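All I have is the shape, not the residue letters:
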């Protein structure tokens, strides 16, 4: 409340400090005949005209509803939530303000929500009462049939607006009193999942009031204020953030007269044009779909010339339609979000109507996201806080991202083109990315397509989901005709996107009558939910696409002799890659052939070989990478056929090279007795040091390559290993240290070192990962996710097809219990909700899925080890459990406080494994020979023999001395909080730095983390099978190591 309110010179008095309920009452008192809004006299005959409502009428109706609520429910003193679902008319703002006066908060639900979406909102807001109209709209009955609620029926429009005079229902709060109090609850669109409630406070609307009056830079003007004191036709639904702000904020604070459409049916373009005429509207605010319809109907389009502005929001407007509209009037792209309201936009030239310019005094920053995309952040500024609604909702944030992505104007600084959301970005299993929004907009610009969605996250290529405009195509013939009809525009879209994102005919899917695309209240497609609804169908067409392609390879492969095979393969490569004029000894990989093209080539080859009666099961992407010329690949294909059909090679050198290549190929899987050459990433880290020790101690390991980012890794390794009591004298022929950067091609190694690795490596033990629970998922992408992708490439290129053993985390499945029952299975989990909601866990989960896709598609040998709580070493007095971690911090602070918690809240079950024992278990698992290529092995390294905290308490109590009290965890946490303000030396009381973590442990005391199955892991590791529960002796050793 102490921030500065910077205003334009012509700002109204008290701007940014006005409250909607008291402002309505004030206007009704001093100017009761002032027009508040306008609605049709008849919903069925717009030529009957529109009826203006005055502030006197609306204020009286608000008082009437407030008294009605008090009679029905009593006055609320805790802002209880009332859901409102009724026809789209002025009872929306009337009810919202009346509820505030009576002490309640209104939840505006979108009628488009699924039952699951409605129920999620009701439960999130503790709402048990639904207010609707009489008669209720048709979507209310199914909701009440599926979820029981108390129901109230609001009086009709005539009764409220033309009824008796009601006594004033006082509202006397100031902004200081009410700025944090809820006014109305809206919800997110659900475009990326279930809708989530967003509570808009009185302070939020006051900030919107102030924001509109930010001074514009010299030479510019505010776009927003052009709409003030005008008659605006408002087609935005009142339950939507845009409609809510227009019908409340713009009306009350800016004098905009909102003209509403008929409330009895969905609005179409013809009705909107009639409403413009008979309501005397000066400008119109429509959803993009209506402008799309008008642009295709000249008679309707011409009528827009009577408007000063044609404003759109809620989604993209195609360039063709927008250009058509701007021949008749000014087009304004208006962007906002539930959490921020609208953006303070500046006027732009009409040729740039698709772009926005944001007032630089607002605190907006565009930060680079990827390629040419920038993400919009609102950055908190003490001087601007009064104009930034987002921080009224999120008072603890210092910045807020709408997750919207933009592209710079090619020549005009400060102009930005909306280009989708960060949630829209497709991340293929190859690690490549694609923003599908432009492609989707182009495909759905045609008359036959209502909506288009491109998907492909976690896959090797894109699929296209189409919702046709007239009729949904389900038969094979209809589907084929439709594909041919839309294929020209799909081809155009393909020509404008990167190779890895192109869509093939075999990966086009159509919606069915039973499952149209799911839409949010503003009409936009709910991407995540729609793709989820079609997941089985998408899986099926991806599976079918593995064997079907529009290129008829079966007629073009001839394996009768070497020359014929070379000619066939040359044609197939040219089709798959668009590389022409390829010589038989030219390296086609070096031409820029990507992983999708490799996959396409594999499909063509397999189809042709099956027809020729040749077993193609052993044909994998690694075959392509290791035979990257027409000549070599032809030899490999003929080798698969199993007989010498090629012409005899008389050159003795070539004959010897062929035998050597075949020997190398079929020696790729080492015999049990062959010692393993291992690559260990992150050897200088805590776990990495012990893994190196365990690998070096194994007689089954002949050589170890340690890959670390630091240039002085060997020197650092000696230091950290010495501190932990581990070996520091290594056989330099057996253990080698290399400086790497996994995010770079060839792992950042020089060519000689990389070739050495791919020639010898049999195992990659991938341990290197940044442990920082504050980072977001995107922060792990450049080094870690890309690094996993490069290790997959490394395995494909390696002579021995090196197995990747990935050290994951139980955090990757920590949210298992939210949607699953029982214990976590020792297998890959195909559910993006299971990782813990922190970037570290999410990145581990993405890496697991990426590796699994490589295993199933490329045959990459993969094992994944989800590691649980790592405890301190027990085999040596040296080394220790890091004092900064949560458990050592509890022990240190318990000594400081003179009390020990009798439980550890949600972490009371002790399934820890000491780090030196864990490293031996991991190495045992990593050295196993996998018997099931094409699928990932998953292991859980948690202690299968659990104990509880109370079994260790006596040891801790004894070691701390001075008879500390043993108290409930809640009491201990309370004492810790109280000590935070008096602690002078944080090292003596370190748990205060983890207060939020410990509060979560208490809050979830009766919702412990999921239990992990360990049967497969126990069977696979002798050390784990013999491991007992955490012992008092171990606890004693850790206490001595910490020496608190």
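Thanks, I have it. Since this is a predicted model, take the numbers as computed values, not measurements. Numbers count the residues shown, from 1 in each chain.

Tell me the pLDDT of the residue nearest the centre of the chain.
By C-alpha atoms, centre = their mean, the mean C-alpha position of the chain lies nearest to residue 423, the distance being 4.9 Å. Here, the pLDDT recorded for residue 423 equals 72.

so it touches residue 529, yeah?
No. If you go by C-beta atoms under 8 Å, residue 423 and residue 529 don't touch, sitting 11.9 Å apart. Any C-beta I mention is one placed from the backbone N, CA and C, and that applies to glycine too.

Wait, a strand at the residue nearest to the centre of the chain?
No. Counting by DSSP: H, G, I helix; E, B strand; the rest coil, residue 423 is located in no strand; its state is helix.

Quick check: it vs residue 179, distance?
31 Å (C-beta to C-beta, to the nearest Å).

Also residue 316?
Using C-beta to C-beta, residue 316 is found at 35 Å from residue 179.

for residue 140, same thing?
Look at residue 140 and residue 179: by C-beta to C-beta, they are 34 Å apart.

so who does residue 917 touch?
Residue 917 makes contact with 874-875, 1023, 1027 under the criterion C-beta atoms under 8 Å, 6 or more residues apart in numbering.

ok, and it, which helix or strand is that part of?
helix 915-926 (DSSP states H and E).

what about that helix, distance to the chain center?
The chain centre lies 34 Å from the centre of helix 915-926; the measure is C-alpha atoms, centre = their mean, to the nearest Å.

any idea whether residue 375 is helix, strand or coil?
Secondary structure, three-state DSSP: residue 375 is strand.

can you pull the contacts of it?
366-369, 401, 403-406, 422.

give me that answer again for 10 Å
Residues in contact with residue 375 (C-beta atoms under 10 Å, 6 or more residues apart in numbering) are 365-369, 401-406, 421-422, 778.

Relative to residue 630, which of the contacts of residue 917 is nearest.
Nearest to residue 630 among the contacts of residue 917 is residue 1023, at 50.1 Å by C-beta to C-beta.

Show me what counts as buried in the helix or strand encompassing the closest one.
Using DSSP H and E, residue 1023 sits within helix 1022-1025. By neighbour count with 16 or more other C-beta atoms under 10 Å, helix 1022-1025 contains the buried residues 1023-1024.

after it, next one along is what?
Using DSSP H and E, the helix or strand that follows helix 1022-1025 towards the C-terminus is helix 1032-1042.

elements contacting that following helix?
Judged by 3 or more C-beta pairs under 10 Å, 6 or more residues apart in numbering; DSSP states H and E, the packing partners of helix 1032-1042 are strand 870-871, helix 886-897, strand 913-914, helix 953-960.

how about a cut-off of 8 Å?
When contacts are defined as 3 or more C-beta pairs under 8 Å, 6 or more residues apart in numbering; DSSP states H and E, helix 1032-1042 sits against helix 886-897, helix 953-960.

Give me the contacts around that helix.
Helix 1032-1042 is contacted from outside by 871-872, 874, 877, 879-881, 883, 888, 891-892, 914, 951-952, 954-956, 959, using C-beta under 8 Å, 6+ apart.

ok, now stretch 709-728?
Counting by C-beta under 8 Å, 6+ apart, 683-684, 686, 689-690, 692-693, 696, 706, 708, 737-741, 768, 873, 876-879 sit against stretch 709-728.
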